[in-house]
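[1] Predicted model and sequence below, questions to follow.
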Amino acid sequence: MTGHQSSAAGNQSLDAALRAASERARAQGLERRCPSIEARDGLRYTLDGRRVVSFCSNDYLGLADLGELGALTGPAPSGAAASRLVCGDLASHRQVEEQFAQFVGSEDAVLFPSGFQANVTVPSALIGAHDRISSDALNHASIIDGLRLAKVRPEISAHGQRPAKAVLAEGARQWWICESVFSMDGDGPALADLEGHLAEGGCLYLDEAHALGLYAGGRGRAGELLRKPTVLVAPLGKALGCAGAFVAGSRPVCAWLRGHARGFVFTTGVSPVLLPRIEVALDLLAGPEGESRRAALWRNVETFRRSLGIESRGSFRSPIHPIVVGGNARALDLSAALLERGWHVQAIRPPTVPEGAARLRITISAMHERESIEALAGALTSLMNPGELRP
């Protein structure tokens, strides 16, 4: 059969409904589109015809654009060819898992294609029918979806608050599921609360997406705890500048996940092309280069806060700085005004954040120049009311 295919009536009906829904979203300031990035060089690139500096990237240590690593990684098969439970389990997969386990001090680790896949499928593999689940009110969408697939009804705990100790049925466990650094707020639970939950016999599922690489010599906030989390989820697309994720835990936990976490069982293994790149990034992150970049990051964070007159958060530091403005239109207008001045800062709106909490999410990198940070702060000061600048 050749030639142009006509659109079926059902397809046309769906298209019309989606166009109408898109118009409603646009009117509410909720339309989404992917910014078309061109000619990227680190944090600088062309967007909508303008040369801009990014202040919304998660590349906190500047490892995403190490182009010279291609010569170090050497040739590799482009694909694992199958699920790792079929014939896709390569020595390079096992080697990277062992390296991550050693790095974070766990017995074992399991590679996943993405953090989203890990969070969507790991909870259902480990949570029992009679377990008590406390999920932070601001947990990532992937965690929320994972708990839905686990067919449990979690208690939604106040943001950043340790759940109260529960009375459990025999053999049941109490899980606290949270992020160590929350992606849209730049804060996180107190280490003492995490430690206390584990000390009382609770299970801790800790997502380290925005902490791995930044704390405790790069080991994340979990590296500052005396006890190991039950499950540590660490996506690799932020400070490591790669892609994929690993889940770390005890040998029994990881062995069970390899046989029962659907995001591992029913998907092709991580591309072998990526694995040497991950190893090089991990070596850099764990060594003197990582220490140097972390020091530069925290200097830049302090420069930004000082330039805006924002007080330090005390012992908790994060490269994420939300400026909540409330309305969707206000956030979009500010983002557009900054773009005209050469700064790319995305407007974050529902459902990523709660209704009425639209914001600018500003992220600082080790690779930012002091002059750029101070210039962005000056632009924010000129565009916003003083009350809006407080996180």
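    Thanks, I have the structure now.
[2] For the top helix by length along the chain, the averaged confidence score.
    Secondary structure assigned by DSSP state H gives helix 288-308 as the longest helix of the chain. The average pLDDT for helix 288-308 rounds to 96.
[3] residues near residue 148, how many?
    14 (other CB atoms under 10 Å). From N, CA and C alone the C-beta is placed, and that goes for glycine too.
[4] Tell me which helix or strand it sits in.
    helix 141-149 (DSSP states H and E).
[5] circling back to that earlier point, how distant is the longest helix of the chain from the center of its chain?
    20 Å (CA atoms, centre = their mean, to the nearest Å).
[6] which helices and strands does that helix pack with?
    Counting contacts by 3 or more CB pairs under 8 Å, 6 or more residues apart in numbering; DSSP states H and E, helix 288-308 packs against helix 370-383.
[7] Downstream of the worst-scoring helix or strand of the chain on mean pLDDT, the next helix or strand is which one?
    Least confident helix or strand, the chain: helix 70-73 with a mean of 52, by mean pLDDT, DSSP states H and E. For helix 70-73, the succeeding helix or strand toward the C-terminus, using DSSP H and E, is helix 91-104.
[8] Ends of stretch 195-214, what's the gap?
    19 Å (CA to CA, to the nearest Å).
[9] Check stretch 49-65 too.
    Note: stretch 49-65 ends 21 Å apart using CA to CA.
[10] was I right about residue 64 contacting residue 241?
    Yes: taking CB atoms under 8 Å as the definition, residue 64 is a contact partner of residue 241 at 3.4 Å.
[11] check contacts around the nearest residue to residue 208 once chain neighbours are set aside.
    Excluding the flanking residues, the one nearest residue 208 by CB to CB, 6 or more residues apart in numbering is residue 220, at 4.1 Å. Applying CB atoms under 8 Å, 6 or more residues apart in numbering to residue 220 gives the contacts 104, 180, 208, 211-214, 232, 234.
[12] Pick out the most distant pair among these.
    214 and 232 (14.6 Å; CB to CB).
[13] Model confidence score at the residue lying closest to residue 77 once chain neighbours are set aside, please.
    Distance criterion CB to CB, 6+ apart; nearest residue to residue 77, sequence neighbours excluded, is residue 272 at 4.8 Å. pLDDT for residue 272: 90.
[14] what do you get for residue 174?
    97.
[15] Same question for residue 180.
    For residue 180, pLDDT reads 98.
[16] how far away is it from residue 195?
    Using CB to CB, to the nearest Å, we find residue 180 at a distance of 13 Å from residue 195.
[17] who's more crowded, these two?
    residue 180 (27 against 16).
[18] which residues touch the more buried one?
    188-189, 194, 206-208, 210-211, 220-222.
[19] for residue 360, helix, strand, or coil?
    Per DSSP: H, G, I helix; E, B strand; the rest coil, the secondary structure class of residue 360 is strand.
[20] Show me this protein divided up by domain.
    31-60+287-385, 75-286 (automatic domain parsing).
[21] ranking these by burial, who's on top?
    domain 75-286 (a mean of 19; mean count of other CB atoms under 10 Å).
[22] how about the helices in the stretch 151-300 of the chain?
    191-199, 251-260, 262-265, 274-286, 288-308 (DSSP state H, counting those that start in this stretch).
[23] do you know which of these lies nearest residue 138?
    Comparing the helices of the stretch 151-300 of the chain by CB to CB, helix 191-199 comes nearest, at 15.3 Å.
[24] Quick check: the spatially most central residue of the chain vs residue 262, distance?
    Centroid-nearest residue in the chain, with CA atoms, centre = their mean: residue 209, separated by 4.1 Å. Look at residue 209 and residue 262: by CB to CB, they are 20 Å apart.
[25] What of residue 31?
    Using CB to CB, residue 31 is found at 33 Å from residue 262.
[26] again, but for residue 57
    Taking CB to CB, one finds residue 57 at 31 Å from residue 262.
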